[in-house]
Every structure is written in structure tokens, then in C-alpha cells.
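> Build me a model from this:
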Amino acid sequence: MSRVCDLTGKRAMVGNNVSHAMNKTKRKFSVNLLKKRFYLPEEDRWITLRVAASTIKTINKKGISAVLKDAQANGLIK
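Residues are numbered from 1 along each chain as shown. Alright, predicted model coming up:
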């Protein structure tokens with residue numbers, strides 16, 4: 001399973017490790033993904049999503065319904 005946030009589509013970025021001598025080697029910046037259960041009061045059920053920690057902060061601010069609506073508008077969920 002790829003490490004992609006279910007709601008925002010965030011995925012790993014690629015960059016460089018830079019040594020003191022300025023030697024550069026490729027590295028990967030992984031997404032801080034967590035498996036989290038959310039309650040949907042409109043549907044009276046729980047859903048489990050793999051979301052980034054930053055997305056959890058957004059859900060706490062806006063609410064799960066608004067974030068799901070935005071993800072659906074962006075084509076990330078059906």
C-alpha cells in the first residue's frame with residue numbers, strides 16, 4: 001500500500017541529504033501517516049482513514065464533513 005493521505009493526496013517528497021562537505025545523496029521525505037477512526041454523525045457510522053497528521057489538525061479545525069466534501073470536490077474520494 002502506498003503512503004498517501006486519503007483526504008489530501010499528500011505523498012512522499014524527494015530531496016537531498018547534504019553533508020558538511022556539501023556532498024549530496026538522494027533521500028525521501030515520508031508523510032506522517034496515521035490510521036484514524038472518524039465518526040460521521042450524518043450517516044451515524046465510523047470510518048477508518050489513513051491521514052497525515054496535518055490533515056488531522058485540519059479536521060479538528062473545519063470538521064470531518066467539510067474536509068470530506070473538499071476531498072470529494074478535488075476528486076480524491078468518490
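
> List the contacts of the helix-or-strand element of the chain with minimal mean pLDDT.
None of the helices or strands of the chain scores lower by mean pLDDT, DSSP states H and E than helix 64-73, at a mean of 94. Identification of contacts with helix 64-73 by C-beta atoms under 8 Å, 6 or more residues apart in numbering yields 6-8, 38-40, 42, 55, 58-59, 77-78. From N, CA and C alone the C-beta is placed, and that goes for glycine too.

> which residues of the chain fall in strands?
Under the criterion DSSP state E, the chain contains strands at 13-18, 24-29, 33-40, 45-52.

> List the buried residues for the third one?
Right, strand 33-40. 33, 38 (16 or more other C-beta atoms under 10 Å).

> do the same with the second one
Under the neighbour-count criterion of 16+ other C-beta under 10 Å, strand 24-29 has nothing buried.

> OK, contacts around Leu7?
Counting by C-beta under 8 Å, 6+ apart, Leu7 makes contact with 49, 51, 55, 59, 67-68, 71, 76-77.

> Neighbours of the spatially closest residue to Glu42 that is not a sequence neighbour, how many?
Ranked by C-beta to C-beta, 6 or more residues apart in numbering and with sequence neighbours excluded, the top spatial neighbour of Glu42 is Ser65, at 6.6 Å. Look at Ser65: counted by other C-beta atoms under 10 Å, it has 14 neighbours.

> Distance of Ser65 relative to Arg11?
25 Å (C-beta to C-beta, to the nearest Å).

> repeat for Lys24
On the measure of C-beta to C-beta, Lys24 and Arg11 end up 22 Å apart.
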